[in-house]
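predicted model and sequence below, questions to follow.
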Amino acid sequence: MKKIIVIFLTILILISAACSLIKPGKFDYIIKNGKIVDGTGNPWYKSDIGIKGDKIAEIGKIPEEKGKKIIDASKKVVSPGFIDIHTHADGGILRNPTAQNYITQGVTTVVGGNCGGSELNLSEFFKEIELKEISLNFGTLVGHNTVRRRVMGNENREPTIEELEEMKKIVEQEMKSGALGLSTGLKYLPGAYSKTEEVIELAKVAAKFGGFYATHLREEGIGLVDAVKEAIEIGEKANIPVQISHHKVVSVDRWGDSKTTLELIEDARNRGIDVKDDQYPYPATSTGLAVLFPPWSLEGSKEKIEERFKNTKSRKKIKEEIIYNIIHDRGGKDLDNIRIASYSKDKNIEGKSIKEILEMKGLTPDMESAAELILELYSNGNASAIYRCLSDEDIERIMKYPTTMHASDGSIVEMNKGVPHPRNYGTFPRVLSLYVREKGLITLEDAIRKMTSLPASRIGIRNAGIISVGKHADIVIFDPLNIKDRATWDKPHQYSEGILYVFVNGEIIVENGSITGELPGKIIYGQGRKK
């Protein structure tokens, strides 16, 4: 009799559990009546989405009584969370774990470690992030410049066999810790001192662990075409997917070269080499003043660099090359095109152009004075700057290319600190407002694909980037008629408009346009991670 009672009670418990799946509260959230753009590039459709835990549990007509909380998305777009494949978020993720300038754009995943610069000892870095907790998902590449500097310092030479082996071991260790791949900044130091063969050998290590190769090209102006060829060669010889970072043409002399670079990418893809690119939707770049200097002038220790700056002969040569770069590279032939974004030694010059600063000092705003000022600013603190040097024609041509991803090249910034590039606040809404809604350059569905499933496939994320049952509930709800970037060159510290809800792993981090402060983000580990 006791056995019968036990069996009967067990059956009741099982029936009760089964019933609980269909009674009110089955879903944590139901997003009702949304215009779903699923990330694949397919046309939008109208449906409901049920979220349970961190997953999309159902798509279809869902009765409201099955949800604990209902979100009415009528006349709104529901899409996968945006994935920013090119950021420098690793520099600020621990200081600002809510990453507010990103989540207010609809970004749910960021990739750091780009342009050759990354954290080292990633296993410890990841532990710190997990302890701190973050709002969005985070992954990172291992940076070639960081690895080379650890092994060789700032020396302009080829590595010895032993040094190359040491670099390869570091890359291997970081891939095993969960790096997504290898990045280079071949325009920056000490990466500029490396030969192609060195990069190929390190890329082979990343390839062995399923990584990809992201590159800030050796040149993006006069030598752009050859630099793209080098990136493709590295991908082919290392048998690794290639990501050309922030694809652009910085030299006024070479505007229009995007026709050639895209042809090179297309040809490589037709030959079976996996080459893709990313881009930010602005006509200006942003980086340190070092980009205007010849690499040889910044080799070695700080003392050696200062000696070159003081030596009359070498100083004259450095200034000549700075002037050349202002005219033929980042300066766009105009001193008003170089604007100081941050300079800790003198906040009064932040937001002002080189021309304006010279006039403030009572100096003639000519190239000679500009070169002297740039030498002074670099010596006193290596200011960062914004360089207006890109053409709208190149930007639009690159944006339309099928494998171009939208990405910010930004970082996690502190509100009202400095006068940074507006891309830190507005990249994704700018694409959706200016290039989709206003210009009609690309369709809404294709823009979302370039923000979601395309970068997800490059990174190797299989559980995100698409609105589909079983995928992680990284979701954005936005108003397609009112989404807009508000960050400007003069006032960049402004959140975008029109992003209404942002879910990360099933939790709301932006609700009715307000930041909730929730920290549901996770580390995105690469395939080589040792469990």
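In hand now; what should we look at?

can we go C-alpha only for contacts and neighbour counts from here?
Will do.

my read: Ile305 touches Leu298, true?
Yes - in this structure, Ile305 is within contact of Leu298 by Cα atoms under 8 Å, at 5.6 Å.

and the two? which has more neighbours close in?
Leu298 (21 against 15; other Cα atoms under 10 Å).

and the more buried one, what pLDDT?
At Leu298, the model reports a pLDDT of 95.

ok, now Lys333?
88.

how near is it to Arg218?
Using Cα to Cα, to the nearest Å, we find Lys333 at a distance of 21 Å from Arg218.

how's the chain carved up into domains?
Structurally, the chain divides into domains by automatic domain parsing as follows: 80-283+391-515, 288-388.

going by mean pLDDT, which of these comes out lowest?
When the domains of the chain are ranked by mean pLDDT, domain 288-388 comes last with a mean of 94.

starting at the chain centroid, how far to that one?
Here domain 288-388 shows a centroid-to-chain-centroid distance of 26 Å under the convention Cα atoms, centre = their mean, to the nearest Å.

out of the domains of the chain, deepest packed?
Each of the domains of the chain was scored by mean neighbour count; the highest is domain 80-283+391-515, a mean of 22, by mean count of other Cα atoms under 10 Å.

that domain: end-to-end distance?
End-to-end distance for domain 80-283+391-515, by Cα to Cα: 18 Å.

starting at the chain centroid, how far to that domain?
So, by Cα atoms, centre = their mean, the centroid of domain 80-283+391-515 is 3 Å from its chain's centroid.

mind putting the domains of the chain into TSV with distance to Gly34?
As requested, those are arranged in TSV below (distance: least, Cα to Cα, whole Å):
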stretch	distance to Gly34
domain 80-283+391-515	8
domain 288-388	39
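
let me know which of those domains is the nearest to Asp54.
domain 80-283+391-515 (4.1 Å; Cα to Cα).

pairing partners for the longest strand seen in the chain, with directions?
What stands out as the longest strand in the chain, according to DSSP state E, is strand 27-36. In the sheet, strand 27-36 lines up against strand 45-52 (antiparallel), strand 67-72 (parallel), strand 77-80 (parallel) (DSSP bridges).

could I get those strands as a markdown table with distance to Gly426?
Conversion of the strands paired with strand 27-36 to a markdown table gives the following (distance: least, Cα to Cα, whole Å):
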| stretch | distance to Gly426 |
| --- | --- |
| strand 45-52 | 27 |
| strand 67-72 | 25 |
| strand 77-80 | 18 |
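
now for the closest residue in space to Thr488 that isn't next to it in sequence: which residues touch it?
Take Thr488 and drop its neighbours on the chain: the residue closest to it by Cα to Cα, 6 or more residues apart in numbering is Pro422, 5.7 Å away. By Cα atoms under 8 Å, 6 or more residues apart in numbering, the contact set of Pro422 is 487-489, 492-493.

kindly report the same for Leu432.
By Cα under 8 Å, 6+ apart, Leu432 lies in contact with 444, 447, 480, 483-484.

quick check: it is in a strand.
No - using DSSP: H, G, I helix; E, B strand; the rest coil, the assignment for Leu432 is helix, not a strand.

distance of it from Ser496?
Counting by Cα to Cα, the separation of Leu432 from Ser496 is 11 Å.

now do the strands in the stretch 351-500 of the chain.
Along the stretch 351-500 of the chain, the segments classed as strands by DSSP state E, counting those that start in this stretch run 384-388, 404-406, 475-478, 499-504.

for the ones you listed, give me TSV that also has distance to Ser286.
Output for the strands of the stretch 351-500 of the chain, formatted as TSV (distance: least, Cα to Cα, whole Å):
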stretch	distance to Ser286
strand 384-388	4
strand 404-406	17
strand 475-478	28
strand 499-504	26
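
so which of those comes closest to Asn416?
Closest among these, using Cα to Cα: strand 384-388, at 15.9 Å.

alpha carbons only: can I get the closest one in CSV?
Extracted C-alpha coordinates of strand 384-388, given in CSV (Å, rounded to 0.1, in the frame of the first residue of the first chain):
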residue,chain,number,x,y,z
SER,A,384,45.5,61.5,-29.0
ALA,A,385,43.9,63.2,-32.0
ILE,A,386,41.0,63.0,-34.5
TYR,A,387,42.1,63.2,-38.1
ARG,A,388,39.5,64.2,-40.7
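
which other helices and strands does that strand contact?
strand 284-288, strand 338-342 (3 or more Cα pairs under 8 Å, 6 or more residues apart in numbering; DSSP states H and E).

okay if I get those strands as a markdown table plus distance to Phe126?
Shown next, in a markdown table, are those (distance: least, Cα to Cα, whole Å):
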| stretch | distance to Phe126 |
| --- | --- |
| strand 284-288 | 26 |
| strand 338-342 | 28 |
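
out of these, which comes closest to Ile103?
Nearest to Ile103 among those is strand 284-288; the distance by Cα to Cα comes to 21.3 Å.

what angle do the closest one and strand 338-342 make?
50 degrees (axes from the mean of the first three to the mean of the last three Cα atoms, to 10 degrees).

and strand 284-288, what does it pack onto?
Against strand 284-288 (3+ Cα pairs under 8 Å, 6+ apart) you get strand 384-388.

distance of the residue most central in space within the chain from Lys204?
Nearest to the mean C-alpha position of the chain, counting by Cα atoms, centre = their mean, stands His86 at 2.0 Å. His86 sits 21 Å away from Lys204, going by Cα to Cα.

show me the contact partners of stretch 367-385.
Under the contact criterion Cα under 8 Å, 6+ apart, stretch 367-385 has outside partners 286-290, 306, 309, 319-320, 322-323, 335, 338-345, 354-355, 358, 363.

still on that earlier bit, please work out the average pLDDT along the longest strand of the chain.
The model assigns strand 27-36 a mean pLDDT of 98.

now the helices for the stretch 51-200 of the chain?
100-103, 122-132, 144-152, 161-177, 196-208 (DSSP state H, counting those that start in this stretch).
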